[in-house]
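Enquirer: everything below, folded, please.
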Amino acid sequence: MKRNLLLLAVMILVAFGFTVAQAQDNGIPDTLYLELYPGDDGVAGYPADVRFNLRITNDIPDPCIDSIAGILIPLCFTSTNAGANLRVTAAKNNTNLPPFPLSILENSIFRPMPDVYFPVEANWMYDYASDFSGREWDTRVLDLVGPDPMNPRDDIFWMSIVPTGTPDQRFPGGSRLLTATMTFEIDDNTTICLDTCFWPP
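Expert: Numbering: from 1, shown residues only. Sure, this is the predicted structure:
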């Protein structure tokens, strides 16, 4: 299902969808929310960064029966202005966690928001790594695939995170939990359309 989240200087159209993360109980997909970060709704100059928070609500918030063993989020995106050169780069989207230096963590998809220097809201994965207890999920993959072979007009990226160590905690559960922040780079005004997609095709 889609709805217009914000139409601003950058004119962003965001689609609400679902993760394909499967809960261990009855396998109900948990809800994924895509939110344009406040403050990125107007761009003073170009090139510019536009950030989206990816939030998850687990549909059965009882950790005794809804312990998620992994999360896979495939997303497709398009731009209405080819001249805007919309892109998602590894330089602005890495999967590093503490104890990496802040200069690296500033571009981590798991960073606190609005940034690691003056955080207002912490990412749960960042919190896990920050106490150095080994709770962070060791398998963290972000694949910036490029054009969708099933629909070349779309570009794809997908994120996969899996707890792989004995000290790892499962998904902590909750409502609209900040899971990742994606950073798009643009060179001009455009409308960005985001939607869930099937991956692999």
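
Enquirer: show me the contacts for the nearest residue to residue 141 once chain neighbours are set aside.
Expert: Sequence neighbours aside, residue 160 is the residue nearest to residue 141 in space, at 4.5 Å (criterion: C-beta to C-beta, 6 or more residues apart in numbering). (C-beta placed from N, C-alpha, C; glycine too.) Residue 160 makes contact with 70-73, 139-141, 143, according to C-beta atoms under 8 Å, 6 or more residues apart in numbering.

Enquirer: repeat that with 10 Å
Expert: Residue 160 makes contacts with 21, 70-74, 95, 137, 139-143, 199, as judged by C-beta atoms under 10 Å, 6 or more residues apart in numbering.

Enquirer: in this protein, where's the longest helix?
Expert: helix 124-130 (DSSP state H).

Enquirer: any idea how far the longest strand seen in the chain is from the chain center?
Expert: As assigned by DSSP state E, the longest strand anywhere in the chain is strand 151-162. Centroid separation for strand 151-162 versus its chain: 11 Å, with C-alpha atoms, centre = their mean, to the nearest Å.

Enquirer: could you pull out the buried residues of it?
Expert: The neighbour-count check on strand 151-162 (16 or more other C-beta atoms under 10 Å) flags 154-161 as buried.

Enquirer: could I have the CA atoms of it written out in PDB?
Expert: What follows is strand 151-162, C-alpha atoms only, in PDB (Å, rounded to 0.1, in the frame of the first residue of the first chain):
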ATOM      1  CA  ASN A 151      12.100  -4.200 -14.200                       C
ATOM      2  CA  PRO A 152      15.200  -2.200 -15.400                       C
ATOM      3  CA  ARG A 153      13.500   1.100 -14.600                       C
ATOM      4  CA  ASP A 154      13.900   0.400 -10.900                       C
ATOM      5  CA  ASP A 155      17.000   0.100  -8.800                       C
ATOM      6  CA  ILE A 156      17.300  -2.300  -5.900                       C
ATOM      7  CA  PHE A 157      19.000  -2.500  -2.600                       C
ATOM      8  CA  TRP A 158      18.400  -5.100   0.100                       C
ATOM      9  CA  MET A 159      19.500  -5.400   3.700                       C
ATOM     10  CA  SER A 160      19.800  -8.600   5.600                       C
ATOM     11  CA  ILE A 161      20.600  -8.900   9.300                       C
ATOM     12  CA  VAL A 162      20.900 -12.200  11.200                       C
END
